[in-house]
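Q: how would this look folded up:
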Amino acid sequence: MSTGWIFTDDESTEVITLDRILRGESELLLVTHDEDDGSWQFLDGEHVLEENALVVDLGEMTQFDPSLLELADLPRGSYAWRTSRDQPWSRAVGEPPHTLP
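A: Alright, predicted model coming up:
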């Protein structure tokens, strides 16, 4: 682990995101930290098809969007969302609603 890493999960932890986010076609607006297995998902709040999902390292995601470091303490069973990339993250416990606020 590099100095300054603040997540409890290692930088090499595999997480789920979407190809359209990494290509810049969609904004990263929703982060979930699953209750059951502690997995992380970095999504856009839109409908997700399995073929759109990618597995990448947590460290890669924080390099892609450094604002994710603000969510290092997001508890399991919680989610965070924002209305656009330049807005602050909001947090809530539970499953995210089908449509974000």
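
Q: for the biggest helix by length in the chain, packing partners?
A: For the chain, the helix with the greatest residue count under DSSP state H is helix 58-64. With contacts taken as 3 or more Cβ pairs under 8 Å, 6 or more residues apart in numbering; DSSP states H and E, helix 58-64 sits against strand 14-18, strand 40-43. All C-beta spots, glycine's among them, are computed from the backbone N, C-alpha and C.

Q: which SSE is immediately downstream of the longest one?
A: Using DSSP states H and E, the next helix or strand after strand 14-18 towards the C-terminus is helix 19-22.

Q: pick out the residue closest to the middle of this protein.
A: Centroid-nearest residue in the chain, with Cα atoms, centre = their mean: residue 42, separated by 2.8 Å.

Q: tell me how many other residues crowd the residue nearest to residue 65 when sequence neighbours are not counted.
A: Spatially, and ignoring its direct neighbours in sequence, residue 65 is nearest to residue 28 (5.4 Å; Cβ to Cβ, 6 or more residues apart in numbering). Using other Cβ atoms under 10 Å, residue 28 has 20 neighbouring residues.

Q: just residue 8 next, same as before
A: By the criterion of other Cβ under 10 Å, residue 8 has 9 neighbours.

Q: how about it, secondary structure?
A: At residue 8 the chain is in coil, as set by DSSP: H, G, I helix; E, B strand; the rest coil.

Q: over to residue 69?
A: helix.

Q: if you drop the residues flanking it in sequence, what lies closest to it?
A: That would be residue 62: by Cβ to Cβ, 6+ apart, it lies 5.7 Å from residue 69.
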